[in-house]
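> got a structure for you, letters missing:
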Ligand SMILES: Cc1cc2nc3c(=O)[nH]c(=O)nc-3n(C[C@H](O)[C@H](O)[C@H](O)COP(=O)(O)O)c2cc1C
Ligand SMILES: Nc1ncnc2c1ncn2[C@@H]1O[C@H](COP(=O)(O)OP(=O)(O)O)[C@@H](O)[C@H]1O
């Protein structure tokens, strides 16, 4: 849901300012352009925690955890993110009560845009048309966006999640309209990588980030905290490292033809292609030979 709202009341329930309210940062171009008049702010409204988490009672892994969502929305020039706490009280509001108590009383929107399949209110009783009808009574224009499709199928987050879990990263990227990205800080590992000629930076992602299928990927890496070539090509292994009897899953990145220190820095890793599943090799030499081949394949793919 996207709402253009006035600023005074929008700071309840929880509003996260994404940028300068006098203007909008447009991605990396560093252009500041005033686009809104009459103090309206472009606002994205989302539920937090995710309704799926609320109903299942279990933490669920997400395509875009909150921090990452904020970063994407900032790049798009959205000025404010509003989080509605999804709890029993919110879930029990009728569609009319949701519109009046949450939207009208607190956000004061002038214009709302939702997707065709939007559902809201107790037991998902309200839909996009309901919102339009109720909105009209309050002078709010409701835009109903038609759904994007791919191969005649609706693009849904569950379809994207399935592709990521299956390692079908190119399909996931096509459906997302951008590359699936892992963000996090680089932490110390067992310092073995450097001894086999392939130092690998260990990435720590948020606990609720959906981790792709275990295996080796071609990646592109950017960072705002370290002067690496932007974006820099690399290879990434996700998994248990059976060759070295790893005890827990790690996400490790080797940057091609690069040396430097990445500890404590933050990397954004864009997944481009799945190369192969993880394997248990009989020796470190065999592993090293395979990683050499992975790097060669990655260079070919990057040059295409
Ligand atoms: C491109 C690439 C492919 C890898 N493939 C495998 C693999 O198939 N099997 C495996 O056990 N470990 C694999 N690894 C992980 C290595 O075992 C790991 O990087 C090495 O043990 C160094 O670990 P350290 O960073 O904790 O020192 C791979 C690493 C990279 C960078
Ligand atoms: N090309 C490179 N790719 C990834 N990390 C590199 C590279 N060159 C140097 N490094 C440094 O080496 C570290 C990884 O070395 P490694 O021996 O695998 O140690 P660790 O087990 O602590 O990850 C990285 O965190 C980074 O600081």
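Yep, that arrived. Everything numeric here is computed off the predicted structure, so don't read it as measured data. Ligands and ions are numbered 1, 2, ... in the order given.
> just how off-centre is the longest helix anywhere in the chain within its chain?
In the chain, taking DSSP state H as the definition, the longest helix is helix 284-303. With CA atoms, centre = their mean, to the nearest Å as the basis, helix 284-303 stands 28 Å off its chain's centre.
> what helices or strands is it leaning on?
strand 215-222, strand 232-239, strand 266-276 (3 or more CB pairs under 8 Å, 6 or more residues apart in numbering; DSSP states H and E). Heads up, the C-betas are built off the backbone N, CA and C, glycines and all.
> what about the first one and ligand 1, any contact?
When you say that, I think you mean strand 215-222. Yes: against ligand 1, strand 215-222 shows contacts by CB under 6 Å from any ligand atom at residue 216.
> for the stretch 101-250 of the chain, give me the ranges with low pLDDT.
229 (pLDDT under 70).
> pull up the residues of the stretch 101-250 of the chain that are close to ligand 1.
189-193, 198, 200, 202, 216, 235, 237, 241-244.
> any of those buried? List them.
189, 193, 198, 200, 202, 216, 235, 237, 241, 243 (16 or more other CB atoms under 10 Å).
> which of the helices and strands packed on helix 284-303 sits closest to residue 111?
Closest approach to residue 111 among these (CB to CB): strand 266-276, 32.1 Å.
> who's the closest residue to residue 135 other than its chain neighbours bridged to?
The shortest distance from residue 135 to any non-neighbouring residue, by CB to CB, 6 or more residues apart in numbering, is to residue 142 (4.4 Å). With DSSP bridges as the criterion, residue 142 is bridged to residue 112.
> how deep is residue 258 tucked in, by neighbour count?
Residue crowding around residue 258 was assessed by other CB atoms under 10 Å; the count is 14.
> after whichever strand or helix holds residue 55, which helix or strand is next? Please name it.
Using DSSP states H and E, residue 55 maps to helix 51-56. Downstream of helix 51-56, the next assigned helix or strand under DSSP H and E is helix 66-76.
> now that following helix: buried residues?
Buried, per 16+ other CB under 10 Å, within helix 66-76: 66, 68, 69, 70, 73, 74.
> what's the answer for stretch 198-212, then?
198, 199, 200, 201, 202, 203, 205, 209, 210, 212.
> can you check stretch 128-138 too?
128, 130, 131, 132, 134, 135.
> what's the helix or strand where the fifth one lies packed up against?
Okay, so that is residue 134. Using DSSP H and E, residue 134 maps to helix 128-137. Packing contacts for helix 128-137, counted by 3+ CB pairs under 8 Å, 6+ apart, involve helix 95-97, strand 109-115, strand 141-145.
> switch to 6 Å and redo it
Helices and strands in packing contact with helix 128-137 are listed as strand 141-145; criterion 3 or more CB pairs under 6 Å, 6 or more residues apart in numbering; DSSP states H and E.
> and residue 83, what element?
Residue 83 is part of strand 80-85, with elements assigned from DSSP H and E.
> for the closest residue to residue 199 other than its chain neighbours, give its distance to ligand 2.
Using CB to CB, 6+ apart and skipping residues adjacent in sequence, the residue nearest residue 199 is residue 193, 4.6 Å away. Residue 193 sits 2 Å away from ligand 2 when distances are taken as CB to the nearest ligand atom, to the nearest Å.
> how much space between residue 193 and residue 279?
Separation of residue 193 from residue 279 (CB to CB, to the nearest Å) stands at 17 Å.
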